[in-house]
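1. could you work out the structure for the sequence below:
(one chain, ligands or ions: 2)
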Amino acid sequence: MRVLIADKFERSGLEALQAFGCEVIYQPDLKDDSLVAEIRRVRPDVLVVRSTRVTEPMFDAGPIKLVVRAGAGYNTIDVAAASKRGIYVSNCPGKNSIAVAELAFGLILALDRRIADNVIELRQGRWNKKEFSKARGLYGRTLGLIGVGQIGQEMIPRAHAFGMKVIAWSRSLTPERAATLGIARKDSPLDVAREADVISVHLALTPETRGMIGAEFFAAMREGAYFINTSRGEIVDQAALIKAMRERGIRAGLDVYASEPTAGTDDFNDEIAREPNLYGTHHIGASTDQAQEAIAAETVRIIKTFKETGKVPNVVNLAERTPATHTLVVRHRDRPGVLAHVLGAIRAAEINVQEMENIVFAGAQAAIARINLESAPSREMLDRLQVENPDIIELDLLELKS
Ligand SMILES: NC(=O)c1ccc[n+]([C@@H]2O[C@H](COP(=O)([O-])OP(=O)(O)OC[C@H]3O[C@@H](n4cnc5c(N)ncnc54)[C@H](O)[C@@H]3O)[C@@H](O)[C@H]2O)c1
Ligand SMILES: O=C(O)CC[C@@H](O)C(=O)O
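-> Numbering: from 1, shown residues only. Ligands and ions are numbered 1, 2, ... in the order given. Take a look at the predicted model:
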């Protein structure tokens, strides 16, 4: 199996892939046209990326079967184009969530004590205890989470350790789950904005979350509250944030920006970087040794499983629901030709097959096939099938509940 790695990747992961027989091509600086050209030249089975964008021309350039996002967010991959071609896209959920929560807390503490400004003045040879002695402190304050996925959940015990109360909105957060986590559930992001002293955003970037945190949200925030975003820049309306920083004293800690470069070093001239109320980092949330080792190990597990079983862990682009309306259950003797016979009849009736599985009983004398179909075969067709093939023991048709 040939694996092209088009981003920075841990040595331990490279060695592990080679150890179980993968041919590894490690080209961390490839992107855009140079990546298309390399895919055409190398013809990889698997493409591994971090922030590198994966676009449709890359899928047309070679026989890629699997794209592994060595990280959590996969908005930089054209998942729709992959799905159209039957190419798996997998990610490494939860493997860098502690690192991101640590950075989010670093930003919260830094904003509260204005640590970066302290350091800058000290480096300039200026003692300014008078100015920097003003801080609110975190104890007893309220942290508001927008999104309680893997990272959001890591924020909770850290906030509790600082004596903070936690409130949260997340699209699937139930009151029971909130109670288990020891947090208060809010009905909307705006309810969180109104009640929190510190807000931290931990959403995936999707068409629904793009621009979700905008002017109304910032207007609802408490004057002078802190706003942290380590998820994706595009979730926030940056112009509205800058306005809130200038007019309402909102302090922001950002690790991500809609305009951020994909390369490791580049110019960055976004106006937000010059705002005095911004403490910004360089999309480094996931960049601890621990997190990168864990991401590499998970990437290796995904590729090893694929190589050895044909199955892929953590796939993000399988259909949640197919157009299947019925399941045909075929109990049969485990002999050649039975399933071909059934499938032939289904094809003749012009019925499309969706999912299909065949399980075999101990001793390999009998098996059951479950075939999900886009419409129901007629009773007459089922009766005929059974008469025509003595290896079919029984046929059942189940209607799928919508
Ligand atoms: N700064 C970094 O280096 C860094 C590192 C890891 C992840 N991230 C970003 O943080 C995001 C969250 O990571 P995670 O590990 O917690 O992921 P996760 O999948 O565990 O959580 C994602 C959250 O987004 C919510 N969500 C998804 N689609 C939504 C929709 N349409 N509407 C409302 N909510 C929706 C989910 O309900 C969940 O709460 C990632 O998607 C990634 O973009 C950044
Ligand atoms: O790989 C990185 O450095 C960033 C990864 C991060 O944004 C993620 O979504 O996991």
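2. contact residues of this protein facing ligand 2?
-> 50, 51, 71, 72, 73, 96, 283, 286, 287 (CB under 6 Å from any ligand atom). In this view, the C-beta of every residue, glycine as well, is placed from N, C-alpha and C.
3. isn't the fourth one right up against residue 92?
-> Yes. Judged on CB atoms under 8 Å, residue 72 makes contact with residue 92 at a distance of 6.7 Å.
4. which of those two has more residues huddled nearby?
-> residue 92 (24 against 21; other CB atoms under 10 Å).
5. domains of the chain?
-> The record, using automatic domain parsing to delimit domains, assigns the chain the ranges 2-95+290-309, 97-285, 326-399.
6. so the second one, near ligand 1 or not?
-> In other words, domain 97-285. Yes. Applying CB under 6 Å from any ligand atom, one finds that domain 97-285 is in contact with ligand 1 at 97, 100, 147-152, 170-172, 202-206, 208-209, 230-232, 255-256, 283, 285.
7. could I get the average pLDDT for that domain?
-> Per-residue pLDDT over domain 97-285 has a mean of 97.
8. how about the shortest one?
-> The average pLDDT for domain 326-399 rounds to 96.
9. and it, end to end?
-> Domain 326-399 has an end-to-end distance of 5 Å (CA to CA, to the nearest Å).
10. which helix in this structure has the most residues?
-> Ordering each helix of the chain by length in residues (DSSP state H) puts helix 289-309 first.
11. got the CA coordinates for it in PDB?
-> Extracted C-alpha coordinates of helix 289-309, given in PDB (Å, rounded to 0.1, in the frame of the first residue of the first chain):
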ATOM      1  CA  ASP A 289       4.300  16.500  21.200                       C
ATOM      2  CA  GLN A 290       1.700  14.400  23.100                       C
ATOM      3  CA  ALA A 291      -1.100  15.300  20.700                       C
ATOM      4  CA  GLN A 292       0.900  14.800  17.600                       C
ATOM      5  CA  GLU A 293       2.100  11.400  18.900                       C
ATOM      6  CA  ALA A 294      -1.500  10.400  19.500                       C
ATOM      7  CA  ILE A 295      -2.600  11.700  16.100                       C
ATOM      8  CA  ALA A 296       0.200   9.800  14.400                       C
ATOM      9  CA  ALA A 297      -0.700   6.600  16.300                       C
ATOM     10  CA  GLU A 298      -4.400   6.900  15.300                       C
ATOM     11  CA  THR A 299      -3.500   7.600  11.600                       C
ATOM     12  CA  VAL A 300      -1.300   4.500  11.700                       C
ATOM     13  CA  ARG A 301      -4.200   2.500  13.200                       C
ATOM     14  CA  ILE A 302      -6.600   3.700  10.500                       C
ATOM     15  CA  ILE A 303      -4.200   2.800   7.600                       C
ATOM     16  CA  LYS A 304      -3.200  -0.600   9.200                       C
ATOM     17  CA  THR A 305      -6.900  -1.600   9.600                       C
ATOM     18  CA  PHE A 306      -7.600  -0.600   6.000                       C
ATOM     19  CA  LYS A 307      -4.600  -2.500   4.700                       C
ATOM     20  CA  GLU A 308      -5.400  -5.700   6.700                       C
ATOM     21  CA  THR A 309      -9.200  -5.800   6.600                       C
END
